[in-house]
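Enquirer: Got a predicted structure plus its sequence, pasted below:
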Amino acid sequence: MPKLHQIIERHWQSPNPFLSLLLKPLSKLFAKIAAKRRDDFVSGRLKSEKLPVPVVVIGNIHAGGTGKTPIVAALVSGLQEKGVKVGIISRGYGRKGKAVHVLNTASSAADAGDEPLLLFRQTGAPTAVGSSRSEAGRALLAAHPELELIVADDGLQHYALQRDMEIAVFPAADTGRTDLDLLPNGSLREPLSRLASVDAVVVSGGKADAAFRPSENMFASHIETGRIYRLNRLSEKLDLEGLENQTVAAVAGIAKPERFFDSLRNMGITLNQTVALPDHADIAAADLPNADVVIITEKDAVKFSDGLNLNHVWVLPVCAIIKPNLAVFVLEQLENS
């Protein structure tokens, strides 16, 4: 029996007329509330805070699943290559504590959330998490006063923090759709018209529909996979040819697990079992299926800090390739502002 959230998410992808009739009034109410909240911040009726360094927000108008995290990592890495001292702030979804946390080498997913910890480990950029992005930004700058720029991960609707640039990530699969709607009838946090006010739109995961051009500054992102490595041992690579006589399972606690499973199949790997967990799900050794080889995502890998007795667990690394160069665009826009 599917759970309620599964039914709703299925409805978002393939609208059910009966559910649309029930949920449409709620979406109209949500739209009014979201519009008023944004207008209150933009007009100054609600207070927002400006940090002493430029802030670039990367977010989306969808409720997750747009492939944003690899794009954040790619932008931060691109800025670092240009010599920019850049830090990251995030809400830290799924972490156990509520206090602001500046990440360090001993930080766990429970401290920071899986995505911020992954970004910190991938880029090495100073990173802080907090429900208030402003507080996280202040704490990060106090710990790292050398920072010249902050990238806010998933803060497009967090209007209490002023931003110098806004970048929205939008999935290619939705660029040709005419049935998108706001929550709860659809997956949108804000209407499509919001994309006209951001500085750039990055279309992720494929080619955009020809008619989709909500912004003057359009970018495209696709994912490239690297060589599968043993959990917490980056130098040890998986021999794909040696998998023929072994049972292989794949586990993913991400918004779109089928993308991960398809990536493995496209690499020629036969999957005997797949396990799709909820996005950001806690995962432990006991949750892994019984197989000779278990392949997990990098986002899930950060939840296994030591990897003891998990020699059969392997990790698929991915990176986002963004064209044209998003880091160059960001620096040019900030210089001209």
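Expert: Looks like it arrived, so ask away. Numbering: from 1, shown residues only.
Enquirer: before we move on, what SS does A173 have?
Expert: The three-state label given to A173 by DSSP: H, G, I helix; E, B strand; the rest coil is helix.
Enquirer: Hmm, it is touching G205, no?
Expert: Yes. Using CB atoms under 8 Å, A173 is in contact with G205, at 6.7 Å. Yep, even glycine has a C-beta here, placed from its N, CA and C like the rest.
Enquirer: Look at these two and report which has more neighbours.
Expert: Per other CB atoms under 10 Å, whichever of A173 and G205 has more neighbours is G205, with 20 against 17.
Enquirer: How far does stretch 175-191 sit from its chain's centre?
Expert: Offset of stretch 175-191 from its chain centre (CA atoms, centre = their mean, to the nearest Å): 18 Å.
Enquirer: now stretch 220-234
Expert: In this view, stretch 220-234 has its centroid 16 Å away from the chain centroid, taken as CA atoms, centre = their mean.
Enquirer: List every C-alpha atom in stretch 192-205, with coordinates, as PDB.
Expert: C-alpha atoms of stretch 192-205 as PDB (Å, rounded to 0.1, in the frame of the first residue of the first chain):
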ATOM      1  CA  LEU A 192       7.200  29.800 -12.700                       C
ATOM      2  CA  SER A 193       7.100  33.600 -13.000                       C
ATOM      3  CA  ARG A 194       9.600  33.700 -10.100                       C
ATOM      4  CA  LEU A 195      12.300  32.500 -12.600                       C
ATOM      5  CA  ALA A 196      12.000  35.800 -14.400                       C
ATOM      6  CA  SER A 197      13.400  37.700 -11.400                       C
ATOM      7  CA  VAL A 198      16.500  35.500 -10.700                       C
ATOM      8  CA  ASP A 199      19.900  36.300 -12.200                       C
ATOM      9  CA  ALA A 200      20.300  32.900 -13.900                       C
ATOM     10  CA  VAL A 201      18.600  29.600 -14.500                       C
ATOM     11  CA  VAL A 202      20.500  26.300 -14.700                       C
ATOM     12  CA  VAL A 203      18.600  23.600 -16.400                       C
ATOM     13  CA  SER A 204      19.700  20.300 -14.900                       C
ATOM     14  CA  GLY A 205      19.700  16.700 -16.100                       C
END
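Enquirer: For it, give the mean pLDDT please.
Expert: Averaging pLDDT along stretch 192-205 gives 97.
Enquirer: How far does that stretch sit from its chain's centre?
Expert: Taking CA atoms, centre = their mean, one finds the center of stretch 192-205 at 15 Å from the center of the full chain.
Enquirer: ditto for stretch 263-278
Expert: Distance of stretch 263-278 from its chain centroid, counting by CA atoms, centre = their mean, is 21 Å.
Enquirer: ok, and what's touching it?
Expert: Residues from elsewhere that reach stretch 263-278 (CB atoms under 8 Å, 6 or more residues apart in numbering): 223, 225, 240, 243, 247-253, 257-258, 261, 283, 287, 289, 291, 295, 300, 316, 318.
Enquirer: Kindly recompute the last result at 6 Å.
Expert: Under the criterion CB atoms under 6 Å, 6 or more residues apart in numbering, residues 225, 247-251, 253, 257, 261, 289 lie in contact with stretch 263-278.
Enquirer: need the helices for the stretch 51-200 of the chain, in chain order.
Expert: Per DSSP state H, counting those that start in this stretch, the stretch 51-200 of the chain carries helices over the ranges 68-81, 109-112, 114-123, 133-143.
Enquirer: returning to what we had before: which one of the contacts of stretch 263-278 sits closest to Q13?
Expert: Nearest to Q13 among the contacts of stretch 263-278 is P257, at 14.0 Å by CB to CB.
Enquirer: Could I get the phi/psi values of the closest one?
Expert: Main-chain dihedrals, P257, degrees, to the nearest 10: phi -60, psi -30.
Enquirer: Now, the contacts of stretch 263-278 that are in helices?
Expert: Among the contacts of stretch 263-278, the ones falling in helices (DSSP state H) are 257, 261.
Enquirer: Relative to G113, which of the contacts of stretch 263-278 is nearest.
Expert: Relative to G113, the closest of the contacts of stretch 263-278 is G253; by CB to CB it sits at 12.5 Å.
Enquirer: which stretches of the chain aren't confidently modelled?
Expert: Low-confidence segments of the chain, defined by pLDDT under 70, are located at 1-2, 306-308.
Enquirer: Longest helix of it, counting residues only.
Expert: The residue-count maximum for a helix in the chain (DSSP H) belongs to helix 17-43.
Enquirer: for that one, packing partners?
Expert: Here helix 17-43 touches no other helix or strand, going by 3 or more CB pairs under 6 Å, 6 or more residues apart in numbering; DSSP states H and E.
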